[in-house]
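Enquirer: Here is the input, now give the coordinates:
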Amino acid sequence: MIRSDRLLELLQILRTNRYPISGEKLAQKLNISPRTLYRDIALLKDKGAEIIGEPGIGYILRPGFFIPPLMFNQEELDAIVLGLQWVQQYGDAPLSKASQNVFSKISEGLPKNTVKEMNRLTLRVGAPAKEEHQKEDLSELRNAIRMRNKLEIKYRSKTFLIFPITIGYFKDKRILVGWDDDKEVFHHFDTKKVILIKTLEQMLLKSQGCLFDQWLKAELATMT
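Expert: So this is what the prediction gives:
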């Protein structure tokens, strides 16, 4: 097995185990020696994977995100850079900052000449979003979508109870799409006009993907 493939398989095994798994079992699953396993674990740790444990006790991967070094061709790299530029221009403040951090992390693993070309990339995103949108922070909304939480939203003079489904990022506005499970309708909110957000404990039981498809189908129907 190629080492890079083995490292990916090792990460996948650790991700799917909620409890520590012994080095012996890991070595058996990967069909490698314990010594090779310890070297692989040390390499992943060195590259940023938060693997807890030691020989004789077992290993577990702490929750989080870790992507080992990837190889990109030129078009893939162009797509990544252009996408990061878009987020930096039109994302809310935390996403814009995050896009800069991602660019820095990717740059660290690339040859200097490649990084120089990335900075001179001829593909460009349009003019930046308005300053009021650049300073906007939609972290609470994004987190509610991620955690499937219900929200109480005061919008203009009305209060809504909705499950947030998605956020559309545009040059001049951001639109939150919410599902009202009581009335079984979708609502659209201009995020700049949301006065108050309260995250509730109730969680969405339906599939977010199905709701998104349902919303998208309804939107497309209005265009025809």
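
Enquirer: Kindly state the beta-bridge partners for the closest residue to residue 165 other than its chain neighbours.
Expert: The shortest distance from residue 165 to any non-neighbouring residue, by C-beta to C-beta, 6 or more residues apart in numbering, is to residue 177 (4.7 Å). From N, CA and C alone the C-beta is placed, and that goes for glycine too. When bridges are called by DSSP bridges, residue 177 pairs up with residue 166, residue 188.

Enquirer: pretty sure residue 177 is in contact with residue 168, am I right?
Expert: Yes: shown here, residue 177 and residue 168 form a contact pair, counting by C-beta atoms under 8 Å, at 7.2 Å.

Enquirer: Counting neighbours, what do you get for the closest residue to residue 33 other than its chain neighbours?
Expert: Of all residues not flanking residue 33 in the chain, residue 27 sits nearest, at 6.4 Å (C-beta to C-beta, 6+ apart). For residue 27, the tally of surrounding residues (other C-beta atoms under 10 Å) stands at 17.

Enquirer: Residue 27 - that's part of a helix, no?
Expert: Yes: assessed by DSSP: H, G, I helix; E, B strand; the rest coil, residue 27 belongs to a helix.

Enquirer: contacting residues around it?
Expert: Listed by C-beta atoms under 8 Å, 6 or more residues apart in numbering, the contact set of residue 27 reads 33, 34, 36, 37.

Enquirer: Next one: the nearest residue to the second one once chain neighbours are set aside from residue 52, what distance?
Expert: Pointing back at residue 34 there. Spatial nearest neighbour of residue 34, excluding adjacent residues (C-beta to C-beta, 6+ apart): residue 27 at 5.0 Å. Computed as C-beta to C-beta, to the nearest Å, the residue 27 to residue 52 distance reads 18 Å.

Enquirer: thinking again about what came up before, would you mind measuring from the residue nearest to residue 34 to residue 62?
Expert: Going from residue 27 to residue 62 by C-beta to C-beta gives 21 Å.

Enquirer: One more: residue 140?
Expert: In terms of C-beta to C-beta, residue 140 sits 24 Å off from residue 62.

Enquirer: who has more neighbours, the two?
Expert: Higher neighbour count among residue 140 and residue 62: residue 140, with 14 against 10, using other C-beta under 10 Å.

Enquirer: That one should be in a strand, yeah?
Expert: No: assessed by three-state DSSP, residue 140 does not belong to a strand; its assignment is helix.

Enquirer: Pretty sure it sits against residue 197.
Expert: Yes: the pair residue 140 / residue 197 is scored as a contact, 5.6 Å apart, by C-beta under 8 Å.

Enquirer: pLDDT weak spots in this protein?
Expert: Low-confidence segments of the chain (pLDDT under 70): 1-3, 63-73, 109-129, 224.

Enquirer: can you pull out the strands in it?
Expert: Ranges of strands in the chain, per DSSP state E, are 51-54, 58-61, 149-155, 158-169, 174-180, 185-190, 194-203.

Enquirer: In a markdown table, list those strands along with mean neighbour count and distance to residue 43.
Expert: What follows is the strands of the chain, written out as a markdown table (neighbours: other C-beta atoms under 10 Å; distance: least, C-beta to C-beta, whole Å):
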| stretch | mean neighbour count | distance to residue 43 |
| --- | --- | --- |
| strand 51-54 | 14 | 10 |
| strand 58-61 | 20 | 13 |
| strand 149-155 | 18 | 38 |
| strand 158-169 | 17 | 37 |
| strand 174-180 | 20 | 41 |
| strand 185-190 | 15 | 47 |
| strand 194-203 | 12 | 38 |
